[in-house]
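Asks: Kindly generate the corresponding structure for this input.
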Amino acid sequence: MKKLIIEARVNEYAPRTRNKHVPWSVSEIAQNAAACRSAGASVVHFHSRKTDGSPEHSYESYRDTVKAIRAATDILIHPTLGYVTLNAPAAERLSHIRRMVEDDGVPPDIAPMDMGSTNVSVIDERGHYVPDQEERVYQNSTATLHYFADHIRKYKLKPYLQIWNISFMREMEQFFKMGWLDAPVFAEFVCTDNHCIGGHPGTAKGLQALIDFLPEQVPVEWTVCNYGGNLLPLAAQAISQGGHISIGLGDYHYNELGEPTNAELIARVVQIAREYGREVATPQEAKQILGIH
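Replies: Numbering: from 1, shown residues only. Below you'll find the predicted structure:
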């Protein structure tokens, strides 16, 4: 079986109320990237954050973070496009990627595309919708995604397709049939628990449904995360079926383990992988698996 790609999802827009190790600053993100690389990760995914932890969308924050990560480690870099916090036209959502490639010559390796639109209303700890969050919709029209696909290819980056449900999978298949995606397709199965229910549940059945609907005619390297929940119970299922793992404090606090760091979560995945006879990929090996040139 091919080597396992582990992606460290280090911060998303997670607070520090449940785990103080969520990195916010440029230096913290770079330090986390280096530590996760040493633990076995080959990809790091980050969201730029302000000093108070709120979303930061400035070009300079992304550029400086990519530069700091490059100076610290050889891990593959995957920044966000802003998720639902940046509701803007396609060109604006991708502008920081374009500028890193064209203006400063500090490109990331990977850029994301969520293959559809979904409700991302927030649910509180009582299981109730948060009233001022009920309007939240993560919008990704086909036209927007076509723009992303064309320009990410132009920038010579690897598109990273988030698959929240089966309809997103069908959109991925159609894009491949249209010639808008290159093989192998890199796709993340987005399970969601607790504060968001827009994706499949983070259960064996939820993950298996996505695996079972993988299109036969599309070569896919898939990974799985659990946004809002503990991914570790699904790790063996994904690893044993040839998938990859995307895990980190950005998705979940992992208080079941105390107050772990991102690197400690990566180390746990490495241990599980080796129990199933899979070694982990280096960044260079991940490039080969994903067709990144």
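Asks: Buried residues of stretch 213-227, list them for me.
Replies: 214, 218, 220-227 (16 or more other CB atoms under 10 Å). For every residue, glycine as well, the C-beta is placed using N, CA and C.
Asks: end to end, how far does it reach?
Replies: 20 Å (CA to CA, to the nearest Å).
Asks: Please enumerate residues in contact with it?
Replies: Among residues not part of stretch 213-227, those counted as contacts by CB atoms under 8 Å, 6 or more residues apart in numbering are 5, 7, 9, 12, 163, 166, 169, 172-173, 176-177, 183-193, 196, 199, 202, 207, 210-211, 231, 234, 238, 243-247, 251-252, 289-290.
Asks: just to revisit the earlier point, now, among the buried residues of stretch 213-227, which is nearest to residue 121?
Replies: residue 227 (13.4 Å; CB to CB).
Asks: beta partners of the closest one?
Replies: Listed beta-bridge partners, residue 227: residue 192 (assigned using DSSP bridges).
Asks: what's the distance between it and residue 290?
Replies: 22 Å (CB to CB, to the nearest Å).
Asks: And the strands in the stretch 51-200 of the chain, which stretches?
Replies: Applying DSSP state E, counting those that start in this stretch to the stretch 51-200 of the chain gives strands spanning 76-79, 110-114, 118-119, 137-138, 158-163, 185-192.
Asks: mind putting these in a markdown table, mean pLDDT included?
Replies: Converted to a markdown table, these look like this (pLDDT from 0 to 100):
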| stretch | mean pLDDT |
| --- | --- |
| strand 76-79 | 98 |
| strand 110-114 | 97 |
| strand 118-119 | 94 |
| strand 137-138 | 94 |
| strand 158-163 | 98 |
| strand 185-192 | 98 |
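Asks: Which one of those strands lies nearest to residue 147?
Replies: Closest to residue 147 of these is strand 110-114 (CB to CB; 9.8 Å).
Asks: could I get the helix or strand containing residue 205 in CSV with only the CA atoms?
Replies: Residue 205 is part of helix 204-212, with elements assigned from DSSP states H and E. The C-alpha coordinates for helix 204-212 follow below in CSV (Å, rounded to 0.1, in the frame of the first residue of the first chain):
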residue,chain,number,x,y,z
ALA,A,204,-17.8,4.7,10.3
LYS,A,205,-21.0,4.8,8.3
GLY,A,206,-20.6,8.5,7.5
LEU,A,207,-17.1,7.9,6.2
GLN,A,208,-17.9,4.7,4.4
ALA,A,209,-20.7,6.3,2.5
LEU,A,210,-18.2,8.7,0.9
ILE,A,211,-15.7,5.9,0.2
ASP,A,212,-18.5,3.9,-1.4
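Asks: got a list of contacts for that helix?
Replies: 163, 166, 169, 189, 191, 200, 222, 224, 233-234, 237-238, 241, 243.
Asks: Now go through these and say which are in helices.
Replies: Judged by DSSP state H, helices contain the following of the contacts of helix 204-212: 166, 169, 233-234, 237-238.
Asks: Helices of the stretch 51-200 of the chain, residue ranges please.
Replies: When secondary structure is read from DSSP state H, counting those that start in this stretch, the stretch 51-200 of the chain shows helices at 59-72, 90-93, 95-102, 142-154, 166-177.
Asks: now those as CSV including mean pLDDT, distance to residue 127 and mean neighbour count?
Replies: Converted to CSV, the helices of the stretch 51-200 of the chain look like this (pLDDT from 0 to 100; distance: least, CB to CB, whole Å; neighbours: other CB atoms under 10 Å):
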stretch, mean pLDDT, distance to residue 127, mean neighbour count
helix 59-72, 97, 35, 19
helix 90-93, 95, 32, 16
helix 95-102, 95, 36, 19
helix 142-154, 98, 32, 17
helix 166-177, 98, 25, 18
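Asks: got any ranges where this protein has weak pLDDT?
Replies: Low-confidence segments of the chain (pLDDT under 70): none present.
Asks: and the strands of the stretch 51-200 of the chain as JSON lines, adding distance to residue 68 and mean neighbour count?
Replies: Below are the strands of the stretch 51-200 of the chain laid out as JSON lines (distance: least, CB to CB, whole Å; neighbours: other CB atoms under 10 Å):
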{"stretch": "strand 76-79", "distance to residue 68": "10", "mean neighbour count": "25"}
{"stretch": "strand 110-114", "distance to residue 68": "17", "mean neighbour count": "24"}
{"stretch": "strand 118-119", "distance to residue 68": "32", "mean neighbour count": "18"}
{"stretch": "strand 137-138", "distance to residue 68": "28", "mean neighbour count": "16"}
{"stretch": "strand 158-163", "distance to residue 68": "21", "mean neighbour count": "24"}
{"stretch": "strand 185-192", "distance to residue 68": "24", "mean neighbour count": "25"}
